[in-house]
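Novice: structure, please.
(2 chains)
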Amino acid sequence: MLTINLIRENKDFVIERLRIKNFDAAEAVEKILGLDQTRREIQSKCDQMQADMNRISKEIGSMMKEGRKDEAALAKEKTYSLKEEIRSLSERLVILENEVKTEIIKLPNLPHNLVAHGHGAEDNINVREGGSIPVLPGTALSHWDLIKKYDIIDFDLGIKLTGAGFPVYKGKGARLERALISFFLDEAVKAGYTELMPPILVNEDSGFGTGQLPDKEGQMYHVGLDNYYLIPTAEVPVTNIYRDVILDSENLPVKNVAYTPCFRREAGSWGAHVRGLNRLHQFDKVEIVQIAHPDNSYECLDQMVSHVEGLVSKLELPYRILRLCGGDMSFTSAMTYDFEVWSAAQKRWLEVSSVSNFESFQANRLKCRFRDKGEKQNRLVHTLNGSALALPRIVAALLENNQTEQGIAIPEVLKPYTGFDIIN
RNA sequence: GGAGAAAUGGCAGAGCGGUCGAAUGCGGCGGUCUUGAAAACCGUUGUCCUGCUAUCGUGGGACCGGGGGUUCGAAUCCCUCUUUCUCCGCCA
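Specialist: Prediction:
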């Protein structure tokens, strides 16, 4: 959520920047400023009356004490109309505050200067690539065939137990999954992140804090009886830890990492490119989150990008890093880097990580602030997060790229974690 | 799930209808003293909205778990929700 101050003071800048995201904010901004103006006028009127009221009440207090009952009764008379007016003004105030908020919430985050204008994936900027793309023989299998061949992931069993998109990992498949989770967590801890295990059900306030609610309600599974939501990413609980928190600047950046299962409804998105592990309703992901000082949050972003790059290269996967254009970026992000790995049998790039700086956009919703030493004013922190990494497509690429006559070779770094070096 | 008790500032803990943003202690910050430190002493100490001011500031309003109500006036009374504790039951 953008701050009202920013809109008030830099109206044209806001409109201008949002054009990069192909968002026309002109009308909304005018509406917000109008509502805000009225809100402030009423606020000050209301405060004035409240001050009068407080004064009279105090006077009545001392009159009562001194036994001047008649005077007190007279003063009471005066308060009745005042009280009525305060009541109606504060009702309008609440309505206006809500209106301002509903309007502001509709505005996406401003993209960073470096973000290019663009409409979709074709306009993203290829920052760099790494690893080498393997050439497989014609007999190479897709990961969904390899999975069947070696019986390591069972989709049909998942359908029996739950439904489509809830696979059962079996034998070496389950071991590989667990190995990857441990590897990713260990790497993050080595890089200075604190490991957390958060709840995977969250309440409405948390859903609002990170921006899933109220709009993207349909993307989350909802436990109606208790009004909880299954998390679509660990970002939700891990970032919401800092909701309504004021941090010390010495403690920044806060670096947390968490493994959680992630749940996504993704209604209606089943089609050609979503076979096998490409898109699931439940999947595993290790997420890194940083709460940073606004003055150096982009250094944190670079650091996170290098961390993720380290992971894919250690796994010996061919990858590329894209800086997303305005049109392809999420609503909440100011800058996003996507990581894609090459899946040799499908012959296409698969997105395995998205690393973003949200600047103060989430922090404003979360009311997460910090104070610099010696400063009086609290400022909003910057929040950042990134997948490090999402498992299913990593598994897909590993299976496809590493297939041999003998079986699927496990990358060197994973062997201590899997306890085996080939799936056959 | 049943019965009872409670929720106050960074923490501990008073206040139970008016002068309470809130005693007191601890902690934090600034100072005096000291070569330095400790002790002692003095001062200071939250958040949000808003007006004025170039700035230091300063005026007003709100906040004592959340929401609602009673009252001229609520931390204090009433309703409701949430959470915590104690006892009982159930349970991995």
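Novice: which bits of the stretch 1-150 of chain A sit near RNA strand B?
Specialist: Proximity of the stretch 1-150 of chain A to RNA strand B (Cβ under 7 Å from any atom of the strand) is limited to residues A:4, A:40, A:43-44, A:46-48, A:50-51, A:53-58, A:60-61, A:64-65, A:76, A:79-80, A:83. Placement of C-beta: from N, CA and C, glycine included.
Novice: residue in the stretch 251-400 of chain A nearest to RNA strand B?
Specialist: Closest to RNA strand B within the stretch 251-400 of chain A is A:Asn378: 4.2 Å, counting by Cβ to the nearest atom of the strand.
Novice: which residues does that residue contact?
Specialist: Counting by Cβ atoms under 8 Å, 6 or more residues apart in numbering, A:Asn378 makes contact with A:Ile246, A:Arg369, A:Phe370, A:Arg371.
Novice: return the subset of the residues you listed lying in strands.
Specialist: A:Ile246, A:Arg369, A:Phe370, A:Arg371 (DSSP state E).
Novice: name only those of those residues that count as buried.
Specialist: Among the ones in strands among the contacts of A:Asn378, those buried by neighbour count (16 or more other Cβ atoms under 10 Å) are A:Arg369, A:Phe370.
Novice: save the ones in strands among the contacts of A:Asn378 as a markdown table, and put in pLDDT and distance to RNA strand B too.
Specialist: Below are the ones in strands among the contacts of A:Asn378 laid out as a markdown table (pLDDT from 0 to 100; distance: Cβ to the nearest atom of the strand, whole Å):
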| residue | pLDDT | distance to RNA strand B |
| --- | --- | --- |
| A:Ile246 | 85 | 6 |
| A:Arg369 | 88 | 6 |
| A:Phe370 | 88 | 10 |
| A:Arg371 | 80 | 6 |
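Novice: quick check: closest non-adjacent residue to A:Leu317.
Specialist: Leaving aside its chain neighbours, A:Leu317 sits nearest to A:Val341 (4.4 Å; criterion: Cβ to Cβ, 6 or more residues apart in numbering).
Novice: go on, A:Ile20?
Specialist: Nearest residue to A:Ile20 in three dimensions, chain neighbours excluded: A:Gly326, at 3.8 Å (Cβ to Cβ, 6+ apart).
Novice: pretty sure that neighbour contacts A:Lys21?
Specialist: Yes - under the criterion of Cβ atoms under 8 Å, A:Gly326 makes contact with A:Lys21 at 4.3 Å.
Novice: comparing those two, which residue is more hemmed in?
Specialist: For A:Gly326 versus A:Lys21, neighbours defined as other Cβ atoms under 10 Å are more numerous around A:Lys21 (24 against 21).
Novice: if I pick the residue nearest to A:Ile20, what's in contact with it?
Specialist: Counting by Cβ under 8 Å, 6+ apart, the residues that A:Gly326 touches are A:Ile20, A:Lys21, A:Asn22, A:Pro111, A:Val115, A:Ala116, A:His117, A:Gly118.
Novice: now A:Lys45. Nearest residue, chain neighbours left out?
Specialist: In space, A:Lys45 is closest to A:Leu89, 6.2 Å off (Cβ to Cβ, 6+ apart).
Novice: likewise for A:Met329?
Specialist: Leaving aside its sequence neighbours, A:Met329 sits nearest to A:Thr336 (Cβ to Cβ, 6+ apart; 5.2 Å).
Novice: what are the pairing partners of the helix or strand harbouring the one you found, and which direction each?
Specialist: Taking DSSP states H and E as the definition, A:Thr336 sits inside strand A:335-343. According to DSSP bridges, strand A:335-343 forms sheet pairs with strand A:319-323 (antiparallel), strand A:348-357 (antiparallel).
Novice: can you give me the buried ones in the longest one?
Specialist: Put plainly, it is strand A:348-357. Within strand A:348-357, judged by 16+ other Cβ under 10 Å, the buried ones are A:Trp349, A:Leu350, A:Val352, A:Ser353, A:Ser354, A:Val355, A:Ser356, A:Asn357.
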